[in-house]
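In: based on what follows, work out the 3D shape:
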Amino acid sequence: MTYVVTVETCIPDGAPDLDELGRVGAVVLLERGFGSVAGAEGPDGVEVDVFDVAVAGHPRGLLLTVRVAAPSLEAAEDAVGAVTQEILDRTDELAGWVVVSSEVRLHTDRARESLEAADGPDAPPSDPAARRARHTAGAPGTAGPDGDEALPEVVEETPDPEAEILALAPALRSFDPAVFGTGPDAARLAAGALVHAAEVLIDELCDDAQALAEEDTDVASCAGHLWHLDRLPARHADRYDELFARRFLVTAVALTTRFTDGGFRRLGCLADEFVLRFLVEQAHVALDLYGLLDDEVAAALERFRVHVLDRPRPAPDEDTAPLGFGTWFTPFGADRYVHPYAADAALDEPAEEYREEAGGA
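Out: The predicted structure is shown next:
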């Protein structure tokens with residue numbers, strides 16, 4: 001699983017506050033230290049892969065956001081904290097600095113903002129570096145709106161992740177709680193997790209598209225890290241290029257927008273079904289992360305998936321996706337919606353025939 005770990009570091013007790021030059025220098029040193037790190041070890045030698053690091057300075061230390069792949073939350077937190085302390089210890093200029101905390105935090109406000117601003121001027125920027133800057137905006141020591149240095153912001157721990165996820169549930173406007181087929185609490189948890197998952201999924205698909213664009217390649221030849229596109233059927237991996245990634249991303253934005261604006265009716269194309277699969281999987285990850293994925297909530301997510309698919313068939317996978325790659329963005333029928341940017345040109349044969357040929361797509 002992938003986790004985003006927030007690490008707080010602090011200068012030695014009694015040391016004077018860092019000035020602007022000192023903060024910039026500390027950021028460069030720590031980024032340089034992480035530049036030589038591809039992985040770390042968690043408890044009992046568990047390996048953790050480090051994908052991305054963003055560092056922000058403030059007068060009393062640094063705040064890091066580290067994206068990693070790890071088998072568990074505990075492994076991610078322990079490994080990132082340990083490797084950060086190791087880098088501090090071996091950097092002479094940062095001698096005496098300590099890691100104060102290393103933890104995965106839930107930022108559901110970002111999910112709500114991103115969904116509400118999906119098509120507006122406040123939509124998250126397309127460039128991954130710009131998005132990272134946005135997520136670290138307001139970190140201790142950053143400049144205020146008038147250009148003066150802002151006072152250090154207190155980063156509060158989320159006291160109740162369950163309440164945060166439940167608060168997102170009303171945003172899933174297209175679905176009555178009854179579709180989850182469970183009690184109200186489990187239905188709200190499932191709904192909130194889906195809303196949270198939509199923001200994460202879209203952000204990571206943006207990263208996938210950017211990775212393919214930077215290498216000017218396809219998934220089969222991509223050397224960089226990909227979040228989702230490399231989990232699509234491998235037999236078409238050489239067809240998943242930047243244009244495909246952008247079409248898939250637009251499809252994901254259009255589908256999750258219809259989920260949250262009350263406009264959803266039925267899935268429009270096979271690509272929608274893959275997006276649904278990734279969305280439900282991401283919701284499972286978010287709930288499991290905080291110990292909220294019990295049998296009832298898992299059943300609620302499965303009933304939602306089947307309801308949206310509009311037929312009791314499994315999610316698309318390597319064995320069941322159609323061989324006709326050119327049909328993935330073709331509407332299942334004249335009454336189905338596919339975003340004009342992503343839609344395939346009209347085919348002589350109805351796309352529904354390819355859908356049934358898939359057997360489980």
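
In: which SS class is Val4?
Out: strand (DSSP: H, G, I helix; E, B strand; the rest coil).

In: how far away is it from Tyr290?
Out: According to CB to CB, to the nearest Å, Val4 and Tyr290 sit 14 Å apart. Glycine gets a C-beta too; all of them are placed from N, C-alpha and C.

In: pretty sure Phe304 sits against Pro177.
Out: No: counting by CB atoms under 8 Å, Phe304 does not reach Pro177; the two are 10.3 Å apart.

In: neighbour count for the two, which is higher?
Out: Taking neighbours as other CB atoms under 10 Å, Phe304 and Pro177 compare with Phe304 leading, 24 against 17.

In: I'd like to know how far that one sits from Arg246.
Out: Look at Phe304 and Arg246: by CB to CB, they are 27 Å apart.

In: one more: Ala169?
Out: 30 Å.

In: other SSEs contacting the host helix or strand of Arg277?
Out: Following DSSP states H and E, one finds Arg277 within helix 270-289. Counting contacts by 3 or more CB pairs under 8 Å, 6 or more residues apart in numbering; DSSP states H and E, helix 270-289 is packed against helix 184-215, helix 242-261, helix 295-309, helix 351-358.

In: chain center to stretch 289-297, what's the gap?
Out: Put simply, stretch 289-297 sits 19 Å off its chain's centre (CA atoms, centre = their mean, to the nearest Å).

In: who touches it?
Out: The contact list for stretch 289-297 (CB atoms under 8 Å, 6 or more residues apart in numbering) reads 1, 3, 73, 104, 106, 161-162, 165, 182-183, 186, 189-190, 193, 284, 287.

In: which of the residues you listed are buried?
Out: 3, 73, 104, 106, 161-162, 165, 182, 186, 189-190, 193, 284, 287 (16 or more other CB atoms under 10 Å).

In: apart from its neighbours in sequence, what residue is nearest Gln85?
Out: Ranked by CB to CB, 6 or more residues apart in numbering and with sequence neighbours excluded, the top spatial neighbour of Gln85 is Val99, at 4.7 Å.

In: what sits against the one you found?
Out: If you count contacts by CB under 8 Å, 6+ apart, Val99 has them with 7-9, 81, 84-85, 88.

In: quick check, nearest of these to His339?
Out: Val7 (38.5 Å; CB to CB).

In: wait, a helix at that closest one?
Out: No: counting by three-state DSSP, Val7 falls outside a helix, being strand.

In: and it, how many residues sit next to it?
Out: Count around Val7 with other CB under 10 Å applied: 23.

In: for the residue lying closest to it once chain neighbours are set aside, phi and psi?
Out: Spatially, and ignoring its direct neighbours in sequence, Val7 is nearest to Leu64 (4.1 Å; CB to CB, 6+ apart). Here is the backbone geometry of Leu64 (degrees, to the nearest 10): phi -110, psi 150.

In: ok, Leu64 - contacts?
Out: Counting by CB under 8 Å, 6+ apart, Leu64 makes contact with 5-9, 30, 53-56, 84.

In: distance to Gly224 added to those, as JSON lines?
Out: Shown next, in JSON lines, are those (distance: CB to CB, whole Å):
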{"residue": "Val5", "distance to Gly224": "20"}
{"residue": "Thr6", "distance to Gly224": "23"}
{"residue": "Val7", "distance to Gly224": "23"}
{"residue": "Glu8", "distance to Gly224": "28"}
{"residue": "Thr9", "distance to Gly224": "28"}
{"residue": "Leu30", "distance to Gly224": "22"}
{"residue": "Val53", "distance to Gly224": "15"}
{"residue": "Ala54", "distance to Gly224": "17"}
{"residue": "Val55", "distance to Gly224": "20"}
{"residue": "Ala56", "distance to Gly224": "24"}
{"residue": "Thr84", "distance to Gly224": "23"}
